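K.L.:
any chance you can model this:
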Amino acid sequence: AIAVPVHERLAPRLRWVVPDAQPGFALATPATQPEVRAAVDILAAERPLHWCSTDTGDADTWVMPDIDRDTAAMVQYTSGSTRSPKGVVLSHANLLHNLAAIHQAWPGDEHDIGMFWLPPHHDMGLIGAVLEMLYIGGTSVLMSPTSFIRRPMRWLEAVSRHRATVTVAPNYAYNLCVEHSTAAERAALDLSTLSTAMSGAEPVREATLRAFADAFAPAGFRPEAFLPVYGLAEATLLVSGRSDSALPTVVHVDRAALGEDRVVEAAPDDATAASVVGCGRPRGDQRIVIVDPETRLPRGPDEVGEIWIAGPSVAQGYWGRPEETEQTFAAVVADTGEGPFLRTGDLGFLRDGELFVAGRCKDLVIIRGDHYYPNDIEDTVQSCHPALVSGRGAVFAAAPTGGAADQLVVVQEVDRDRIGEAELTEMVQAVQAALTQHHGIAADSVVLVAPMRIPTTSSGKIQRGLCRQQFLDRTLETLAEWHAPADNGVPAEKLAAAIKIAGLVKLASALQQRSAGQG
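P.N.:
Sure thing, here's the model as predicted:
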């Protein structure tokens with residue numbers, strides 16, 4: 001049997017996974033089985049499932065299965081941040097190799113205590129947290145993702161209470177703790193035991209690392225504890241992590257050159273500079289090459305290209321998808337014939353052996369022939385006004401009126417405590433000013449939404465593609481919208497009026513509903 005980890009309450013994910021995996025058995029606790037069984041049985045109607053309770057069996061009846069290192073151990077479904085989830089077939093050898101690679105990046109032992117809230121059906125939650133701690137003989141303290149989302153400081157309070165030495169989370173989690181904590185709450189913590197705070201699963205932002213380190217320094221947190229890592233489900237989990245530097249490596253590059261796939265260093269205080277955080281060196285004898293995604297020719301040392309990977313952690317392929325397996329897992333370098341490599345779909349560059357990730361191939365924004373990295377623009381947007389929620393925005397190209405030319409669209413969540421007519425006008429003006437100053441471009445549409453309205457994966461990754469579709473379908477729940485006229489020639493002095501006309505009629509209704517609900 002091959003395990004397929006899923007969460008019983010993630011109905012959209014189950015709708016993908018059950019028909020795709022075509023399971024024969026369903027394992028659940030007696031407490032959760034009644035809640036999920038009806039929905040799962042409908043999805044598996046063509047092949048009825050055998051249901052088993054996981055905590056009522058007799059351990060003495062267990063029989064060692066006939067397996068070896070190459071036997072499939074589990075099917076790990078991707079997060080679905082840019083496409084529908086796919087089942088990645090991992091062997092026992094894949095798992096063992098990647099656990100050893102993680103240990104190389106973070107050499108923990110039986111004395112370590114981990115505090116984790118990532119869901120165990122997610123690769124970082126299952127492999128990076130639960131299995132890695134079993135591998136080294138350490139201790140894990142687990143928290144529900146729901147408990148974290150409802151109150152992010154619960155995570156750090158648990159780190160403090162349990163004297164945890166290691167934790168791991170996406171970039172946005174560290175942001176939430178900064179934004180949703182008071183000075184008194186921070187002062188009550190003791191983070192002096194936390195020697196490793198891994199950050200992965202989404203781009204790591206220099207501003208986040210700096211803000212978190214500053215905010216929690218009084219609690220004993222040390223910036224040397226940060227450990228940016230890079231990985232993906234198709235490579236089991238970890239690909240790279242830890243560099244030769246005690247602190248995370250940050251390079252500042254010229255944005256215009258980056259849009260042309262060139263790495264040109266810039267001064268940190270230059271308005272046109274973008275910061276890129278290093279994700280360490282490849283671990284476990286894994287190999288990284290940077291390749292032109294179109295020609296499949298190698299890129300130079302100061303050029304951006306697609307990240308390709310080879311090594312024992314690369315999975316066997318996608319479950320039941322031979323053509324996509326061939327396209328993704330069997331890439332060959334055009335001029336040398338080297339391969340096979342795993343095509344990650346991520347863009348980046350190598351410098352002094354360390355990997356720097358720039359963005360996703362599918363997310364790259366192309367406007368009038370110029371290339372922009374959406375995460376870079378999102379960082380600019382979220383830094384231009386204090387009411388714009390960090391890590392909760394989506395930038396993409398779209399043609400909302402059916403025109404031939406794509407336009408730049410910014411969708412951004414707003415702090416619920418700062419939702420008001422004047423503030424929203426200021427926010428759109430601030431967004432346009434920041435984009436002009438730092439990127440030399442203006443947004444064709446700025447859409448402001450309430451918190452938690454932008455779609456995300458189960459691990460919190462922004463789903464730009466789904467957000468784009470909701471924008472085109474007009475199904476986004478918006479607070480305010482501003483759209484440039486067709487000639488894109490709105491004078492600056494008319495911007496505020498345009499915002500009011502386009503968006504604040506809707507805002508007035510939203511505020512009235514909120515006031516009525518509070519009354």
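K.L.:
ok, and for stretch 190-199, which residues are buried?
P.N.:
Leu191, Leu194, Thr196, Ala197, Met198, Ser199 (16 or more other Cβ atoms under 10 Å). Bear in mind the C-beta positions are built from the backbone N, C-alpha and C, glycine included.
K.L.:
output those residues in a markdown table; the columns should cover pLDDT.
P.N.:
Listed next are these as a markdown table, based on pLDDT from 0 to 100:
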| residue | pLDDT |
| --- | --- |
| Leu191 | 98 |
| Leu194 | 98 |
| Thr196 | 97 |
| Ala197 | 98 |
| Met198 | 97 |
| Ser199 | 95 |
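K.L.:
could I get these as CSV with distance to His97 and secondary structure?
P.N.:
Converted to CSV, the buried residues of stretch 190-199 look like this (distance: Cβ to Cβ, whole Å; DSSP: H, G, I helix; E, B strand; the rest coil):
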residue, distance to His97, secondary structure
Leu191, 32, coil
Leu194, 27, coil
Thr196, 21, strand
Ala197, 25, strand
Met198, 19, strand
Ser199, 23, strand
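K.L.:
using CSV, list the CA coordinates for the longest helix along the chain.
P.N.:
When the chain is parsed with DSSP state H, its longest helix is helix 421-439. What follows is helix 421-439, C-alpha atoms only, in CSV (Å, rounded to 0.1, in the frame of the first residue of the first chain):
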residue,chain,number,x,y,z
GLU,A,421,-12.7,56.2,2.7
ALA,A,422,-9.7,58.5,3.1
GLU,A,423,-7.3,55.7,3.8
LEU,A,424,-8.3,53.7,0.7
THR,A,425,-7.8,56.8,-1.5
GLU,A,426,-4.3,57.3,0.0
MET,A,427,-3.5,53.6,-0.5
VAL,A,428,-4.1,53.5,-4.2
GLN,A,429,-2.1,56.8,-4.6
ALA,A,430,0.7,55.3,-2.5
VAL,A,431,0.7,52.1,-4.6
GLN,A,432,1.0,54.0,-7.9
ALA,A,433,3.7,56.4,-6.6
ALA,A,434,5.8,53.4,-5.3
LEU,A,435,5.5,51.5,-8.5
THR,A,436,6.6,54.5,-10.5
GLN,A,437,9.5,55.2,-8.2
HIS,A,438,10.9,51.7,-7.8
HIS,A,439,9.8,49.9,-11.0
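K.L.:
who are the packing partners of that helix?
P.N.:
helix 374-383, strand 407-414, strand 445-449, strand 478-483, helix 495-499, helix 505-518 (3 or more Cβ pairs under 8 Å, 6 or more residues apart in numbering; DSSP states H and E).
K.L.:
check what pLDDT Glu303 gets.
P.N.:
With respect to pLDDT, Glu303 has a value of 95.
K.L.:
confidence score at the closest residue to it other than its chain neighbours?
P.N.:
Nearest non-adjacent residue to Glu303, counting by Cβ to Cβ, 6 or more residues apart in numbering: Asp261, 5.7 Å away. Asp261 carries a pLDDT score of 91 in this model.
K.L.:
any idea how far Asp261 is from Arg205?
P.N.:
Per Cβ to Cβ, to the nearest Å, Asp261 is found 21 Å from Arg205.
K.L.:
tell me which of those two has more neighbours.
P.N.:
Arg205 (27 against 18; other Cβ atoms under 10 Å).
K.L.:
and that one, what does it touch?
P.N.:
Applying Cβ atoms under 8 Å, 6 or more residues apart in numbering, we find Arg205 in contact with Asn171, Ser275, Val277, Asp379.
K.L.:
looking at those residues, which are in strands?
P.N.:
Mapping the contacts of Arg205 onto strands (DSSP state E) picks out Ser275, Val277.
K.L.:
separate out the buried members of the contacts of Arg205.
P.N.:
Buried by 16+ other Cβ under 10 Å: Asn171, Ser275, Val277, Asp379, out of the contacts of Arg205.
K.L.:
ok, which pair from these is furthest apart?
P.N.:
Maximum pairwise distance among those (Cβ to Cβ): 12.8 Å, between Asn171 and Ser275.
K.L.:
where along the stretch 151-300 of the chain do the helices fall?
P.N.:
153-162, 171-179, 183-187, 206-216, 255-259 (DSSP state H, counting those that start in this stretch).
K.L.:
and for the residue nearest to Asp190 when sequence neighbours are not counted, the neighbour number?
P.N.:
Distances taken as Cβ to Cβ, 6+ apart place Ser160 nearest to Asp190, at 4.9 Å, with adjacent residues excluded. Counted with other Cβ under 10 Å, residues neighbouring Ser160 total 20.
K.L.:
what does Thr167 give?
P.N.:
The burial count for Thr167: 25, using other Cβ under 10 Å.
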